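*Asks:* Prediction below, plus the sequence it came from.
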Amino acid sequence: MQPPEPTLRLRVDREALTHNWRTLDRLSGLATAGAAIKADCYGLGVDACVPALRDAGCQSFFVAHWSEVEAVLAHVPPEQVAVLHGPVHGEDVVFAKAAGVRPVLNSLEQIRRWTGQSGGPCHLMIDTGINRLGIAPEELTDPAVAELDVDILMSHLANADEESATNALQLETFARCQSRVSHRRASLANSAGVALGRDYAFNLTRPGLALYGGVPRSELSGKIKQVAYLEAAIIQARTLKPGDAVGYNGQFIAQTEMRVGTVSLGYGDGFLRSRGLGGALRRGQARLPILGKVSMDMVVVDLSAAPHTKEGDWLDVPFDLSNAAQQSSLSQYELLTVLGSRWHRN
């Protein structure tokens with residue numbers, strides 16, 4: 001049975017997504033840009049984003065979990081897919097070999113787990129200072145490393161979105177490591193790393209956030225386009241009397257008679273309480289302030305600037321990531337990845 005029309009809509013501008021990848025690819029100089037597509041393409045949907053990235057020319061895709069692989073393989077060849085968290089268990093190795101995807105090996109234990117089952121082409125992560133995943137530079141002399149067939153030798157920047165001396169130190173450490181292990185390609189830069197300059201690009205960059213409209217460094221301002229556009233429907237319109245309180249804890253109290261709308265938008269849709277106070281939705285050019293707290297699945301907005309708006313009408317949810325991050329104190333990554341599954345994705 002076909003469900004009724006949803007009350008939440010998410011439009012992915014695939015032309016903007018393609019523009020962003022091509023921009024990051026150009027900024028990568030002689031290197032090629034790949035794409036971090038973990039967390040369902042940062043919340044925007046593998047089926048919407050991966051074909052656009054593929055058709056733009058992207059040939060390297062990075063997910064975090066093994067559970068993310070199947071959806072991606074519907075669109076790209078398995079040898080183009082890398083799993084960043086690596087083979088933590090023996091069954092991960094079995095799955096990787098059967099599917100043909102490339103594990104990113106992050107420890108000597110993972111390396112031995114991989115080579116112990118005949119291995120094959122893989123990627124290798126070196127920890128150059130983020131202390132998250134990857135083998136230590138001094139572990140590159142371990143005999144187990146020499147057995148690997150390494151396609152991409154990679155590391156990850158810890159402070160690329162800041163002016164930090166750590167960036168240059170990680171670059172220097174990673175450059176020194178390259179001669180210690182045989183590999184076909186090298187990769188260090190994420191989205192912010194691309195903006196640091198071509199010295200950080202090596203053979204392959206791995207942008208994520210900037211593909212989907214995020215701007216992690218000022219050098220990318222004006223170059224990256226918004227990709228996600230959100231709309232939520234009004235599910236009830238009503239008139240408040242002076243003294244009426246709105247929502248949990250009555251945080252807003254009407255001072256005059258006013259028309260308000262209850263909107264189908266809340267926590268499960270990634271619209272958290274930090275986006276309520278001082279925030280607003282829009283109807284065309286009209287700004288509709290949010291009244292009181294975001295309440296689970298709903299917000300209430302002031303309809304004074306759009307008095308003819310009625311039940312069933314659609315409101316725009318501002319989603320310029322840089323602006324929304326500044327207004328809410330959420331990171332641009334959080335704004336994207338918490339969107340949830342109730343949005344009807346176009």
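*Replies:* Happy to help now that I have it.
*Asks:* If you drop the residues flanking it in sequence, what lies closest to residue 213?
*Replies:* Distances taken as CB to CB, 6 or more residues apart in numbering put residue 227 closest to residue 213, at 4.1 Å, once the chain neighbours are dropped. Using the backbone N, CA and C atoms, a C-beta is placed for each residue, glycine as well.
*Asks:* So that neighbour sits against residue 12, correct?
*Replies:* Yes: with contact defined as CB atoms under 8 Å, residue 227 counts as touching residue 12 (6.2 Å).
*Asks:* Now for these two: what residues contact both?
*Replies:* Taking CB atoms under 8 Å, 6 or more residues apart in numbering as the criterion, residue 227 and residue 12 both touch residue 44.
*Asks:* Those two - which one has more neighbours?
*Replies:* residue 227 (29 against 21; other CB atoms under 10 Å).
*Asks:* give the contact list for the more buried one.
*Replies:* Residue 227 makes contacts with 12-13, 16-17, 20, 44, 211-213, as judged by CB under 8 Å, 6+ apart.
*Asks:* try 7 Å this time
*Replies:* Applying CB atoms under 7 Å, 6 or more residues apart in numbering to residue 227 gives the contacts 12-13, 16-17, 20, 44, 212-213.
*Asks:* Now, those that are in helices?
*Replies:* 16-17, 20 (DSSP state H).
*Asks:* Quick check on the residues you listed: which are buried?
*Replies:* Buried members of the ones in helices among the contacts of residue 227, counted by 16 or more other CB atoms under 10 Å: 16-17, 20.
*Asks:* mind listing the helices for this protein?
*Replies:* Counting by DSSP H, the helices of the chain are 14-27, 38-42, 46-56, 69-73, 90-99, 108-115, 143-146, 165-177, 191-195, 321-328, 332-337.
*Asks:* ok, and which of the ones you listed has the densest surroundings?
*Replies:* helix 191-195 (a mean of 26; mean count of other CB atoms under 10 Å).
*Asks:* Just the CA trace of that one, in CSV.
*Replies:* Only the C-alpha atoms of helix 191-195 are listed here, as CSV (Å, rounded to 0.1, in the frame of the first residue of the first chain):
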residue,chain,number,x,y,z
SER,A,191,38.0,18.5,2.6
ALA,A,192,39.8,21.0,4.7
GLY,A,193,43.1,19.4,3.7
VAL,A,194,42.4,20.2,0.1
ALA,A,195,42.1,23.8,1.0
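*Asks:* Can you tell me what sits against the longest strand along the chain?
*Replies:* For the chain, the strand with the greatest residue count under DSSP state E is strand 228-240. Residues outside strand 228-240 that contact it (CB under 7 Å, 6+ apart) are 7-13, 44, 212-213, 254, 257-265, 303, 309-317, 319.
*Asks:* ok, now stretch 109-129?
*Replies:* If you take CB under 7 Å, 6+ apart as the criterion, stretch 109-129 is touched by 82, 86-87, 90, 93, 97, 102-106, 133-137, 144-145, 147-155, 158, 166, 169-170, 173-174, 177, 181.
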